[in-house]
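> no sequence on hand, only this structure:
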Ligand code: RAT
Ligand code: ZN
């Protein structure tokens, strides 16, 4: 008898769900990691883990030093200060601190001695190629979607030269400067040979589309992507909304790829913290509703940063099949919130969403971000399949596997394949 089609006994359901969640490989649809061809842009290792901007923000709850002095220090010294503040002088119980320890523990690094230098030594034994493979194996991640900006000089030159793609890394075309600071970006486009003017004339729009087309052909991205402030409005007369309507939406439709919107960031609430200085704000989701309603043949994928927006976003996804929601982003990537949000999404959307992305900026973070998320997702699903089993609907292993594959990348692939006719 094929064990996959064996009906489980009711008390076997929980174990089958836990096992499937633990072993199903994940397609991570939003990270800040890079194909190894980008060299130093791909961050990894203990000093990078410690100087992650989530930890920088937390360490300044304790470090009493001018921000500018901290930024002048070499990265190794910054890492030591953070280690001392967050791991030695206080117990590392925040989610980001615990993440460093989960990562080290799963890698087999002994952290009991609390000795940063011996941890550093462990990392010197690795080369990057092997380390990518090891981290992906431990995280059970099968593909990593990068965040790729043509406006980043270092990154741009690698794309322009061309390189053999590592098939594990897919691209996401990130265009924040185009939409958020047109006043300074149009001159850049002009410099690159696109005949744009400051005014959004029909000719300028067609040149913006040519720019998007060139980069879409170069990168082969899974989507076009932007993160937006909490005051995002659509439709509107401002440049961002006009560019979305006249250039981005038609571009995404032409290339058959989604437009990823990530609203809710309050950029640089404290500029002294640099990358760690962004905050969160609640968004009026009628902007997303209007986009979905006005362009029903265009696909949108969305994650929102504010907890208060989560329920509305789920309801919106019930109304628009051209909307796919994903991830518990940034300040939401904490077990208690992932639990609440995932539960809400399952209850309102079944399996038609992507519960999590890692947002990893440091390769090794894949290990903890996915380990922690899997634990929570598993807990929610055990409860939900348990509720089903109580009605007499006992899921088979095959059904459980199918469902979890959907949550870990399959639902997103299905969404991308929709024709929306
Ligand atoms: O989560 C993060 O690391 C943030 O800094 C942002 O990068 C955010 O995820 C984004 O993609 O804008
Ligand atoms: Zn991100």
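Ah, there it is. Fair warning: this is a prediction, and the values are worked out from it, not measured in the lab. Ligands and ions are numbered 1, 2, ... in the order given.
> need the residues of this protein near ligand 1, please.
Within the chain, the positions near ligand 1 by C-beta under 6 Å from any ligand atom are 32, 147, 227, 330, 359, 361. Any C-beta I mention is one placed from the backbone N, CA and C, and that applies to glycine too.
> show me these that map onto helices.
If you go by DSSP state H, the residues of the chain next to ligand 1 have nothing in helices.
> okay if I get those residues as CSV plus neighbour count and distance to residue 84?
As requested, the residues of the chain next to ligand 1 are exported to CSV (neighbours: other C-beta atoms under 10 Å; distance: C-beta to C-beta, whole Å):
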residue, neighbour count, distance to residue 84
32, 18, 26
147, 22, 31
227, 22, 32
330, 18, 25
359, 20, 26
361, 17, 22
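> which one is residue 25 nearest to, not counting chain neighbours?
Among residues not flanking residue 25 along the chain, residue 142 sits closest, at 3.9 Å (C-beta to C-beta, 6 or more residues apart in numbering).
> would it be right to say that the one you found lies in a strand?
Yes: judged by DSSP: H, G, I helix; E, B strand; the rest coil, residue 142 forms part of a strand.
> that one and residue 24 touch, don't they?
No: using C-beta atoms under 8 Å, residue 142 is not in contact with residue 24; the gap is 9.4 Å.
> the longest helix in the protein is where?
Using DSSP H to define each element, the chain has its longest helix at helix 365-390.
> following the chain onward from that helix, which element is next?
Next helix or strand after helix 365-390 toward the C-terminus (DSSP states H and E): helix 397-405.
> for that next one, which positions count as buried?
Within helix 397-405, the residues that count as buried by 16 or more other C-beta atoms under 10 Å are 397, 399, 400, 401, 403, 404, 405.
> check stretch 300-314 too.
Residues of stretch 300-314 classed as buried: 300-307, 309-310, 312-314 (neighbour count, 16+ other C-beta under 10 Å).
> identify the residues contacting the nearest residue to residue 345 once chain neighbours are set aside.
Leaving aside its chain neighbours, residue 345 sits nearest to residue 353 (5.1 Å; criterion: C-beta to C-beta, 6+ apart). Listed by C-beta atoms under 8 Å, 6 or more residues apart in numbering, the contact partners of residue 353 are 317, 324, 325, 326, 345, 407, 411.
> pLDDT weak spots in the protein?
Low-confidence segments of the chain (pLDDT under 70): 1-7.
> quick one, strands of it?
Along the chain, counting by DSSP state E, strands occupy 26-28, 141-145, 169-174, 221-229, 259-266, 279-280, 300-302, 323-325.
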